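K.L.:
Here is a sequence together with a model predicted from it:
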Amino acid sequence: MNEKVKEKLGYNFLRLCFGIVLLALFMILYDIFQKGAGVISWEFLTASPKKGMTEGGIFPAIVGTFYVTVITALLSIPLGMGCAIYLNEYAKDGLFTRIIRMSIRNLSGVPSIVYGLFGVVLFVQFMRFDTCLLSAGLTLGLMTLPWTITASEEALKNIPLSYREGAMALGATKWQAIRTNVLPYAVPGMLTGAILGLARAAGETAPILFTGAAFFLPYIPKTIFEQFMALPYHLYIMATQHHSIIKVRPIAYGTALVLVALIFFMNLAAVIIRYRLRKIRRD
Amino acid sequence: MHNVKDKIIHGLFFLNGLIVMLVLLGIFVILCKAAIPAFQEISLKEFLTTARWDPTSLVKEGYGIGAMLLSTLMLTIGALIIAVPLGIGAAVYLTDIASPRFREIAKPVIEILAGIPSVVVGFLGIVLVGPIISKIFGISNGLNALNGSILLAIMALPTIISISEDALRSVPKTYHEASLALGATGWQTIIKVKIPAAVSGIIAACMLGMGRAIGETMTVLMATGCAPALPTSYLDPVRTMTATIAIELGEVAYDTTHYYALFGVGLVLFIITFVVNMLSDMVLRKYQKVRI
């Protein structure tokens, strides 16, 4: 075969590959929007499920997902930032540092259901929190920890060394240098990474299956020691566990759309923060 | 005084680093501790090599994970067969053919795909992929290993594409130019120069994608039919290790052999993904300095 023809065929194959990936994404989004958009109404977003979850809205699931994500953030953001500060500012390259880095990389590969098992033993049973918002939030928090650390370290690495050296040359201690000359510039970048991690946590189902998510609750949890409804778990129930699955299919589509939209907007927020950050740096 | 304060703060951050290590260690220890009681009842050989998983049988309980291991293996291989050529093809397209402007738009689009929750992908397996499969193959139920493989491929694609792209991009431009200067076509340069030069990064990308496929729970739980029998073809329903834990842990009584055996399954899962991740990490670090 002529080499030029071969090249053409090869390039078209590559275009096809990318086209298929785009098509898959388009089909997913199109199906959810097309069948979910008609279900979304003010009532759907603000009412509780009614009549054996065949009617009404998904308000408790939206609030539950919000609450559990807040707990996740409270655990994973400070711990993740602290760990990143240690690794990037204090740690010397040695065995201990290498082990920590290896742990982070491996933690990000641990299956989410295994985090669920860990949460059941540690938070539900050993710490006696029982299945509740707190257990589920802490489990998700540990799961997002490696992502937060990696993103925070990336942000710290972007701060020039001269910022630290300048402060320390003027007599500042190491912590003063970090606090006044590094963190203020690194925090937006750290937050961007943290929000991306939280968006993934908000969509996770497996870790909360046994640590706190409830099949159905007619009310909003008042303390962190109560069970909660969550959007991803609600979608799972509506798609597979409900007694009349075909009848509640529109609700399942609506829930899927709300979940995807929520995650999309969290990602968008992160991207906007990143964009503004770049602009500030350029100015 | 300042020095003391600085030392204390240093210590606090050190403790913070320690916590990460403890979490990984804690997961391993807790899984082991919770799985050990199961192996006082079940022999390790029965657990790992037999295929009958029937913990609630009234006659004789079966605790073999063979069928689950095979299911996980089938889905992973199926997903890789679909995702590896597509992912590498798309990555090469982005680095070598697409215009820089198109690339800037394409990257966030791929990130959107990575952000779709697994439960949504599983739901689409039921309502979208399942009916298509049942129509094409003339079977009544489209929830099977093929369905799961397709969905897992979609979920592994963003990982494979973005890490392969990094690897391809880190191939020095001079390689590319030297090849073209010798008279090679662009396609020959891609196949004979760029991909071989980036191969370790591409392998690592595929392994990370594989790790994701092995550990995925909700997608396979919803879209593969979840029959606990030994599968014989890709049109059979399958039930992976992750799905078994998700289905049974909610119903099982605490402090029973069944309960502990599920942690045994979790331990096997943890070890497999740990090994896959370590290997991909070694490949990535040994041959190339590609940052994930």
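P.N.:
Cool, the structure landed.

K.L.:
When you work out contacts or count neighbours from here on, use the C-alpha atoms and nothing else.
P.N.:
Noted.

K.L.:
Quick one: residues contacting B:Ile30.
P.N.:
Shown in contact with B:Ile30 (C-alpha atoms under 8 Å, 6 or more residues apart in numbering or on different chains): A:Phe118, A:Val121.

K.L.:
Ramachandran coordinates for it?
P.N.:
Note on B:Ile30: backbone dihedrals following degrees, to the nearest 10 are phi -70, psi -40.

K.L.:
can you list the residues of the stretch 51-200 of chain A near chain B?
P.N.:
A:79, A:82-87, A:90-91, A:99-100, A:103-104, A:106-107, A:109-115, A:117-118, A:121, A:142, A:173-175, A:199-200 (C-alpha under 8 Å from any C-alpha of the partner chain).

K.L.:
Mind giving me the PyMOL select for those, buried ones only?
P.N.:
To isolate in PyMOL the members of those that are buried, counting by 16 or more other C-alpha atoms under 10 Å in any protein chain shown, one can use:
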select buried, chain A and resi 79+82+83+84+85+86+87+91+100+103+104+106+107+109+110+111+112+113+114+115+117+118+121+142+173+174+175+199+200
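
K.L.:
So A:Leu9, which state does it fall into?
P.N.:
Counting by DSSP: H, G, I helix; E, B strand; the rest coil, the backbone at A:Leu9 sits in helix.

K.L.:
Give me the pLDDT value at it.
P.N.:
Note for A:Leu9: predicted pLDDT of 92.

K.L.:
The one 10 residues further on now?
P.N.:
pLDDT for A:Gly19: 93.

K.L.:
same deal with the one 3 residues further on?
P.N.:
The confidence metric pLDDT takes the value 92 at A:Leu22.

K.L.:
Among the residues of the stretch 51-200 of chain A next to chain B, which ones are in strands?
P.N.:
Nothing among these maps onto strands, per DSSP state E.

K.L.:
can you tell me which of the residues of the stretch 51-200 of chain A next to chain B are in helices?
P.N.:
Among those, the members falling in helices are A:79, A:82-85, A:99-100, A:103-104, A:106-107, A:112-115, A:117-118, A:142, A:174-175, A:199-200 (criterion: DSSP state H).

K.L.:
remind me which residues of chain B are low pLDDT?
P.N.:
Residues of chain B meeting the criterion pLDDT under 70: B:1-2, B:287-292.

K.L.:
Now the residue most central in space within it: closest residue in space that isn't a chain neighbour?
P.N.:
Geometric centre of chain B, nearest residue: B:Arg212, 1.8 Å, by C-alpha atoms, centre = their mean. Distance criterion C-alpha to C-alpha, 6 or more residues apart in numbering or on different chains; nearest residue to B:Arg212, sequence neighbours excluded, is B:Ala156 at 6.5 Å.

K.L.:
And the next helix or strand past whatever helix or strand the one you found lives in?
P.N.:
Assigned by DSSP states H and E, B:Ala156 belongs to helix B:145-169. The element immediately downstream of helix B:145-169 (helix or strand, assigned by DSSP H and E) is helix B:173-181.

K.L.:
From the chain's centroid, how far away is that next one?
P.N.:
Relative to its parent chain, helix B:173-181 has a centroid offset of 35 Å by C-alpha atoms, centre = their mean, to the nearest Å.

K.L.:
and if you look at stretch A:142-151?
P.N.:
With C-alpha atoms, centre = their mean, you get 10 Å for stretch A:142-151.

K.L.:
Was I right to think the residue nearest to the centre of chain B contacts A:Ser112?
P.N.:
No. Using C-alpha atoms under 8 Å, B:Arg212 is not in contact with A:Ser112; the gap is 9.8 Å.

K.L.:
Quick one: residues contacting the residue of the stretch 51-200 of chain B found nearest chain A.
P.N.:
The nearest approach of the stretch 51-200 of chain B to chain A comes at B:Ala90, 4.3 Å away (C-alpha to the nearest C-alpha). Residues near B:Ala90 by C-alpha under 8 Å, 6+ apart: A:Leu14, A:Arg15, A:Cys17, A:Phe18, A:Val21, B:Ile161.

K.L.:
could you show me where the strands are in the stretch 151-292 of chain B, in order?
P.N.:
Ranges of strands in the stretch 151-292 of chain B, per DSSP state E, counting those that start in this stretch: none exist.

K.L.:
Which residues of it lie near chain A?
P.N.:
B:154, B:157, B:185-188, B:211-212, B:214-218, B:222, B:242, B:245-246, B:249-250, B:263, B:266, B:269-270, B:273-274, B:277-278.

K.L.:
which ones among these are found in helices?
P.N.:
B:154, B:157, B:186-188, B:211-212, B:214-215, B:218, B:222, B:242, B:245-246, B:263, B:266, B:269-270, B:273-274, B:277-278.

K.L.:
Relative to A:Pro188, how far out is A:Arg276?
P.N.:
9 Å (C-alpha to C-alpha, to the nearest Å).

K.L.:
and those two? which has more neighbours close in?
P.N.:
A:Pro188 (18 against 12; other C-alpha atoms under 10 Å in any protein chain shown).

K.L.:
The more buried one touches A:Ile273, doesn't it?
P.N.:
Yes. Counting by C-alpha under 8 Å, A:Pro188 does reach A:Ile273; the two are 6.8 Å apart.
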